[in-house]
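Q: Build the 3D model from these lines:
(chains A and B)
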Amino acid sequence: MFPASNAFRSSRRSLLAGLGAAVAGLSFSGLEGCAQKGPVGPNGEELKLNLYNWDTYTGKTTLADFKAATGISVNMSLFATNDELFAKLKSGNPGFDVIVPSNEYVTRFRIADLLMPLDLAKIPNRANLLPAFRDPPFDPGRRYSMPYTWLVLGIGYRKSKVDGVPDSWKWIMDSDRYRGRIGVFSEADDMIELGAKYYGHSVRRIPLPVIDQVAEMWIRQKPHIKIFHHDEGQDLLLSGEVDIVMEYNGDIAQVMTEDPDLDFVVPREGSILNSDSLCIPRGAPRPDNAHRFINFLLDGKTGAGVYNTIKYPTPNAAALALMPEDYRNNPVIFPPAEIMARCEYADFEGLDRAHLFDETVTRIFAA
Amino acid sequence: MDESWKKAKGVFAALGAPPVLWLLAFFLVPLAIIWGYSFGENKSLTEIAVDGTFRNYLHAVRPLYLGIILKSFWFAALTTLFCLVVGFPVAIAITFASDKAKSWLLLLIMLPFWTNLLIRTYALMAVLRTEGYINFTLAFLWNGVSHLTALFGHPLGPFQPLELLHNNFAVVFGLVYVQLPFMVLPLYAALDRLDRSLLEASLDLGAGHFTTFRRVVVPLAMPGIVSGILVTLIPSVGAYLTPDLLGGPSSQMIANVIERQFKTANDWPFGAALSFLLMYMTFLAIAVQAIVSRNRRGRER
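A: Got it, this is the predicted structure:
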C-alpha cells in the first residue's frame, strides 16, 4: 500500500518537474534580463547555455554528458522551420547561445549580420570533420558555422508499386507513369532548383528562361501529382497515400525501419545538399560556453551518441568511425559517392530571387 | 438621477477601459503596423522602409493574384451554401425540440469548439484518406458482396478506393465541417425568437408547408441567415489550414499565398498588401449588404 502511494507521488513529482522544465524553456527569454545569476564557471560566465534546436536532434544523454563534463546545464528550446528560427532572431537575440540553421539560412543570418564569428582556436575538435565539410561554399573557411548533420533530397518510393528503381527526377516531374501517386515537396526553392537540375543546370544562379521552362514543366505535370506536401512525405508514403515522393534521405530512413517495402534513391541527375549547422548568434550572453558546447558536439564519442539516435548522416569522421556497420554502409543515409558528386548546395541569392521563386510556384499552384 | 448616472459612468469607464486598452494595444496597433507595411518595401533581410509606395498593391491586383482571390471566394461561397442547406434543417429541428433536448443539442453543436481546429482537421484526414475509415468500410462491404456474388460465379473486381482527400472536394468538405456551427447558431437564435402563432396562422389560412417556409419562416429568419452567411463566408475566404492540409495540387487559396510571403518569401510588405486587399473587399461586401438592407427597409416603410 505505502510503496504504491509513494510511487504515485514520485511519478507525479517528476511530471511536475517536467512541466516546470517545459515552462522554464518557454519563458527564459523574457526573464533573461531580471533573472538572478546562477553559479559562475571559471570562464566568468554563468554555468548555463540556451540552445535553440530542431526537435529530436540530440542524443539521449548528450546534454547530461555535457553537464557532467563541464558543469554547464543546457536549456533547449525547439523550432520547427528555418523561417521560425529566423523570425525569432530577426528583431534581436532573445538570449540564445547556440542555434542550428540550415546552410542557406547560415547565409541569410550572415547577410543580416546576426551571427558572431567563431573563435576557431576554441574548437579544436573541428579536426574531426570530413574534408568535404571543412570549406563549404555557404561559409568559406567555416568562419561562422560548424556542420552538425547533412541531408540530401531524393525520391522515396514503395518498391512493390514502382517499376525497378525510379532513379530519375523524370518520374516525379515529367512523366505520367505514376499518375495520381506522386508527392512533391511544396518548398518553392526546392521545386525550381531541382527542376533546373533535371534540365541539366546547376541549382545556383538559374537563368530566367530555365525558371520559366521549369514552371511550364510543373504545370504540365500537375494533373499527375497527388499532393504538394510540407516535409511529411515519409508519412504519406508510409500510409499509402502516395507511392513515390520527393523527400530527405533521413526522413525516409526513419520510416524504412517500420516498412521494409520502402526505399530511397538520389536521382542520377543529382540533387540538393543541405547541412544543418551550429552557429552562435550575435548578442549571445555566454559565447565561451557556446564554443565549448560546439566543440563538445564535434567530439567523436559525443557525435556517435547523437547520430545513433537521430540517424542523420554525419559530417564527422571521428564519430563515423565509432558508428555500427548498418549505419556506415546504409545506402540511404550515405548514397553512393558518384551520385553525391552530382549534388550541390543551393545558395541564398537575395530577396528578389526568393520573391521570384515564390511567385513562380504561386503560378504553378494556381494553374 | 443625474448624479447616479455620473457614478455609473465611472463604473462603466472602470469596466470598459481594460478591454478597450487591450483591443487598442494588441489588435488595432499591430493591425495598423501591418497596414503601414503594405505601403513599404524591403530594404534588407531585416528592415522594411515604409515610404508610401503603392507598388505592393499594384503587384497584388495582377490577374494571377486576383484569380486566386476569386477562387477563394468561390470556395467560400460553396461552403456557405452547403452550410446553409445543411444548417437550416438542423436549426429548425433544435428550435422544435423539447427544452431539455434543446440544451443538449446546442451543446453538441458547440462541442467541436472544445477541440483545436488542427486536431479536427487531422481527424478528418484519417477519415478521408486512401486507407482511411471511409475507404476501409467500403472495402469491407465490397469484399463481402464480392464473396456473395462469387458463389454465383461472378466475383466483383478488386476494390478501387475513392479519392476523397487532397482535392478541391476535400477542401470544401473540410470547410463545411469546420464552419457549420457558425451557421447553425445564428440561425437557431433567429428561429427560436420566431412567433409560432404566425406559422399556425399561415397554415390555417391555406398556405402549404413549403409556402409557409418560403414566405413566413425565411423572411422572419433573414437577420439570422444574413449574419450566418457573413460569419461563414468571411472566415472561409481566409481559410489557410484546411486547403493546406486537405487540399490537392490545385487547392491553393489566398491565405496560403499570404502565409508564404510572411514566411519563406520573407516579403512582408507584399503579404501585408494582399491581406489588406482582402480586408478592403470584405468591408466593401459588408457595406454593400448594409446599404441594400437599409434600402429595402426604407421601401417597406
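Q: mind listing what the spatially closest residue to residue A:160 that is not a sequence neighbour touches?
A: Spatial nearest neighbour of residue A:160, excluding adjacent residues (C-beta to C-beta, 6 or more residues apart in numbering or on different chains): residue A:261 at 5.4 Å. C-beta here means a position set from N, CA and C on the backbone, and glycine is covered the same way. Residue A:261 sits next to A:158, A:159, A:160 when contact means C-beta atoms under 8 Å, 6 or more residues apart in numbering or on different chains.
Q: Of those residues, just the buried ones, ChimeraX syntax please.
A: To isolate the buried subset of the contacts of residue A:261 in ChimeraX, counting by 16 or more other C-beta atoms under 10 Å in any protein chain shown, use the following:
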select /A:158
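Q: so who does residue 39 touch?
A: You didn't say which chain, so I picked chain A. By C-beta under 8 Å, 6+ apart, the contact set of residue A:39 is A:46, A:47, A:71.
Q: think we crossed wires, I meant chain B
A: Shown in contact with residue B:39 (C-beta under 8 Å, 6+ apart): B:50, B:51, B:52, B:53, B:54, B:56, B:269.
Q: restrict those to those near chain A?
A: The subset of these within reach of chain A, counting by C-beta under 8 Å from any C-beta of the partner chain, is empty.
Q: Let's have those in JSON lines, adding neighbour count.
A: As requested, the contacts of residue B:39 are exported to JSON lines (neighbours: other C-beta atoms under 10 Å in any protein chain shown):
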{"residue": "B:50", "neighbour count": "14"}
{"residue": "B:51", "neighbour count": "11"}
{"residue": "B:52", "neighbour count": "8"}
{"residue": "B:53", "neighbour count": "15"}
{"residue": "B:54", "neighbour count": "11"}
{"residue": "B:56", "neighbour count": "24"}
{"residue": "B:269", "neighbour count": "24"}
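Q: from the contacts of residue A:261, which is closest to residue B:97?
A: Nearest to residue B:97 among those is residue A:158, at 50.2 Å by C-beta to C-beta.
Q: What residue, apart from its backbone neighbours, is nearest that closest one spatially?
A: Leaving aside its sequence neighbours, residue A:158 sits nearest to residue A:243 (C-beta to C-beta, 6+ apart; 4.5 Å).
Q: what's the spacing between that neighbour and residue A:222?
A: Look at residue A:243 and residue A:222: by C-beta to C-beta, to the nearest Å, they are 18 Å apart.
Q: Same question for residue B:191.
A: As for residue B:191, its distance to residue A:222 is 45 Å (criterion: C-beta to C-beta).
Q: how about the residue nearest the centre of chain B, secondary structure?
A: Residue closest to the mean C-alpha point of chain B, counted by C-alpha atoms, centre = their mean, is residue B:232 at 3.1 Å. What DSSP: H, G, I helix; E, B strand; the rest coil gives for residue B:232 is helix.
Q: go on, residue A:228?
A: Judged by three-state DSSP, the three-state class of residue A:228 is strand.
Q: so what's the nearest residue to it once chain neighbours are set aside up against?
A: Spatially, and ignoring its direct neighbours in sequence, residue A:228 is nearest to residue A:186 (3.7 Å; C-beta to C-beta, 6+ apart). Neighbouring residues of residue A:186 by C-beta under 8 Å, 6+ apart: A:228, A:229, A:230, A:361.
Q: Now the buried members of those residues.
A: Neighbour-count burial (16+ other C-beta under 10 Å) is assigned, among these, to A:228, A:229, A:361.
Q: list the contacts for the second one?
A: Counting by C-beta under 8 Å, 6+ apart, residue A:229 makes contact with A:183, A:184, A:185, A:186, A:236, A:245.
Q: Look up how far residue B:122 lies from the fifth one.
A: To tie it back to what came earlier, the one meant is residue A:236. Taking C-beta to C-beta as the measure, residue A:236 falls 13 Å from residue B:122.
Q: With the second one instead?
A: Here the distance between residue A:184 and residue B:122 works out to 21 Å (C-beta to C-beta).
Q: before we move on, what about residue A:188?
A: Distance, residue A:188 to residue B:122, using C-beta to C-beta: 25 Å.
Q: same thing with residue A:104?
A: Residue A:104 sits 30 Å away from residue B:122, taking C-beta to C-beta as the criterion.
Q: Give me the more crowded residue out of the two.
A: Shown here are residue A:104 and residue B:122; by other C-beta atoms under 10 Å in any protein chain shown, residue A:104 has more neighbours (20 against 12).
Q: Which positions within the helix or strand encompassing that one qualify as buried?
A: Using DSSP states H and E, residue A:104 falls within helix A:103-111. The neighbour-count check on helix A:103-111 (16+ other C-beta under 10 Å) flags A:103, A:104, A:105, A:106, A:107, A:108, A:109, A:110 as buried.
Q: So the second one is in contact with residue A:347, correct?
A: Yes - applying C-beta atoms under 8 Å, one finds residue A:104 in contact with residue A:347, separated by 6.8 Å.
Q: and the strand ranked longest in chain A, average pLDDT?
A: If each strand of chain A is counted by residues according to DSSP state E, the longest one is strand A:146-158. Mean pLDDT, computed over strand A:146-158, is 95.
Q: Do me a favour and get the backbone dihedrals for the residue nearest to residue A:228.
A: phi -80, psi 10 (degrees, to the nearest 10).
Q: hang on, the earlier thing: nearest to residue A:83 among the buried ones among the contacts of residue A:186?
A: Using C-beta to C-beta, residue A:361 is the member of these that lies nearest residue A:83, at 15.3 Å.
Q: Give the burial count for residue B:106, as a bare number.
A: Residue B:106: 16 neighbours (other C-beta under 10 Å).
Q: cool, and the one 10 residues further on?
A: By the criterion of other C-beta under 10 Å, residue B:116 has 9 neighbours.
Q: The residue lying closest to residue A:63 once chain neighbours are set aside: neighbour count?
A: In this structure, residue A:63 finds its nearest non-sequential neighbour in residue A:74, 4.5 Å apart by C-beta to C-beta, 6+ apart. Close neighbours of residue A:74, defined as other C-beta under 10 Å, add up to 21.
Q: go on, the one 3 residues further on?
A: For residue A:77, the number of neighbouring residues by other C-beta under 10 Å comes to 19.
Q: what's in contact with the helix or strand hosting it?
A: Assigned by DSSP H and E, residue A:77 falls within strand A:73-79. Outside of strand A:73-79, the residues within contact range by C-beta under 8 Å, 6+ apart are A:24-26, A:28, A:47-55, A:58, A:63, A:66-67, A:85, A:88, A:96, A:293.
Q: Next: stretch A:132-150.
A: With C-beta under 8 Å, 6+ apart as the contact definition, stretch A:132-150 has outside contacts at A:57, A:100-101, A:103-104, A:106-107, A:109-110, A:115-118, A:120, A:123, A:126, A:129, A:250, A:273-279, A:294, A:297-298, A:307, A:310, A:312-316, A:345, A:347-348.
Q: Just the ones in strands from those, please.
A: Among the contacts of stretch A:132-150, the members found in strands (DSSP E) are A:273, A:274, A:275, A:276, A:277, A:278, A:345.
Q: tell me the contacts of the last one?
A: With contacts defined as C-beta under 8 Å, 6+ apart, the neighbours of residue A:345 are A:103, A:104, A:136, A:137, A:138, A:203, A:272, A:273, A:274, A:275.
Q: wait, isn't residue A:323 in contact with residue A:307?
A: Yes - if you go by C-beta under 8 Å, residue A:323 and residue A:307 touch, sitting 6.2 Å apart.
Q: Show me the common contact partners of the two, please.
A: Common contacts of residue A:323 and residue A:307, defined by C-beta under 8 Å, 6+ apart, comprise residue A:314.
Q: All good on my end, thank you.
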